[in-house]
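Asks: Below are the sequence and a predicted model for it; my questions follow.
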Amino acid sequence: FSGFYIPLRLYPDWFSRLCFFTPFPSSFNTPVEIFLGLLEGRELGLALLAQVSWLALLWGLSRLVLRLGYGW
């Protein structure tokens with residue numbers, strides 16, 4: 001789901017959209033597309049926003065799990 005083996009742009013649209021509901025494309029596919037110059041303007045801003053959103057969500061979730069594990 002990250003685009004590591006096959007770029008997400010080569011998959012059918014429905015599958016590519018499904019992949020973007022996971023954090024994996026933000027970790028690999030987005031930096032590669034930025035480096036290759038495939039993302040520009042609004043698409044670039046939305047891709048960076050998605051990366052920051054996944055970072056905040058996963059960071060908050062990990063803090064919650066740690067807090068529940070310590071019994072605070």
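Replies: The structure has been received and is ready for your questions.
Asks: per-residue pLDDT, the residue positioned nearest the centre of the chain?
Replies: What sits nearest the mean C-alpha location of the chain, by CA atoms, centre = their mean, is Ser26, with 2.4 Å. On the pLDDT scale, Ser26 is placed at 88.
Asks: helices and strands around the helix or strand it falls within, which ones?
Replies: Assigned by DSSP states H and E, Ser26 belongs to helix 24-27. For helix 24-27, the helices and strands in contact under the criterion 3 or more CB pairs under 8 Å, 6 or more residues apart in numbering; DSSP states H and E are helix 41-70. Placement of C-beta: from N, CA and C, glycine included.
Asks: Sort out which residues of the helix it packs on are buried, please.
Replies: Neighbour counts over helix 41-70 (16 or more other CB atoms under 10 Å) mark 47, 51, 54 as buried.
Asks: check contacts around the second one.
Replies: Read that as Gln51. 26, 30 (CB atoms under 8 Å, 6 or more residues apart in numbering).
Asks: my guess is the residue nearest to the centre of the chain contacts Ala50, does it?
Replies: Yes. The criterion here is CB atoms under 8 Å, and Ser26 meets it with Ala50 at 5.4 Å.
Asks: Now stretch 53-66 - C-alpha only, CSV.
Replies: Output of stretch 53-66 as CSV, limited to C-alpha atoms (Å, rounded to 0.1, in the frame of the first residue of the first chain):
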residue,chain,number,x,y,z
SER,A,53,-2.0,14.7,9.6
TRP,A,54,-0.8,11.1,9.7
LEU,A,55,2.1,12.1,11.9
ALA,A,56,-0.2,13.9,14.3
LEU,A,57,-2.8,11.1,14.3
LEU,A,58,-0.2,8.3,14.8
TRP,A,59,1.7,10.3,17.5
GLY,A,60,-1.5,10.9,19.4
LEU,A,61,-2.5,7.3,19.1
SER,A,62,0.8,6.1,20.4
ARG,A,63,0.7,8.5,23.3
LEU,A,64,-2.8,7.1,24.2
VAL,A,65,-1.6,3.5,24.0
LEU,A,66,1.4,4.3,26.2
